[in-house]
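> Turn this into a structure:
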Amino acid sequence: MDFSDDRGSASLEFLVAAIGLLVPVVALTVTTSEIASATFAATVSARQGVRAFTLADSVQSGHTAIANITDLAIADHGLSDADWRIELDCAARSCRQRGSLVTLAVSIDVPLRFLPALPGIDIAPSVTVSRSATARVSTTSVNR
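The predicted structure is shown next:
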């Protein structure tokens with residue numbers, strides 16, 4: 001058997017295979033990282049937001065504190081282009097009543113950058129991450 005005509009193209013084959021495998025792995029890693037960041041941001045927003053709300057002087061200042069905390073947490077985790085929603089639920093008639101339970105749910109929509117939108121659908125693919133936290137309004141607070 002004569003191997004003199006066999007010219008190696010292993011480097012070219014390796015490059016094609018490496019690019020074909022590396023690009024999807026990087027895309028999956030970035031997407032997973034963004035979803036994990038959104039999970040952390042939602043957790044921080046819910047926990048600290050409900051605490052700030054229960055300590056606020058009014059419902060309006062509590063909502064402002066929740067929005068500021070959520071904006072800061074999302075920016076800290078590098079998700080400035082993600083959409084978010086909050087849902088506040090109070091066990092009592094008034095969220096400001098001493099001893100009442102307040103639950104805050106934070107939902108963050110994470111766009112999936114490496115998944116193309118389907119033809120004919122104007123909505124970009126995304127994943128929604130939700131976290132909630134509950135706190136009790138202080139029973140010994142002087143301001144209530």
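
> Quick one: the strands in this structure, in order.
83-90, 101-111, 126-136 (DSSP state E).

> could those strands go into a markdown table alongside mean pLDDT?
Shown next, in a markdown table, are the strands of the chain (pLDDT from 0 to 100):
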| stretch | mean pLDDT |
| --- | --- |
| strand 83-90 | 92 |
| strand 101-111 | 93 |
| strand 126-136 | 93 |
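
> and among the ones you listed, the most buried is which?
Of all the strands of the chain, strand 101-111 carries the top mean neighbour count, a mean of 21, counting by mean count of other C-beta atoms under 10 Å. Yep, even glycine has a C-beta here, placed from its N, CA and C like the rest.

> Just give the strands next to that strand in its sheet, each with its orientation.
Next to strand 101-111 in the sheet, as set by DSSP bridges, lie strand 83-90 (antiparallel), strand 126-136 (antiparallel).

> can you put the ones you listed in CSV and add distance to Leu112?
Converted to CSV, the strands paired with strand 101-111 look like this (distance: least, C-beta to C-beta, whole Å):
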stretch, distance to Leu112
strand 83-90, 13
strand 126-136, 6
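
> can I assume Arg98 is in contact with Thr54?
No - counting by C-beta atoms under 8 Å, Arg98 sits too far from Thr54 to count as a contact (10.2 Å).
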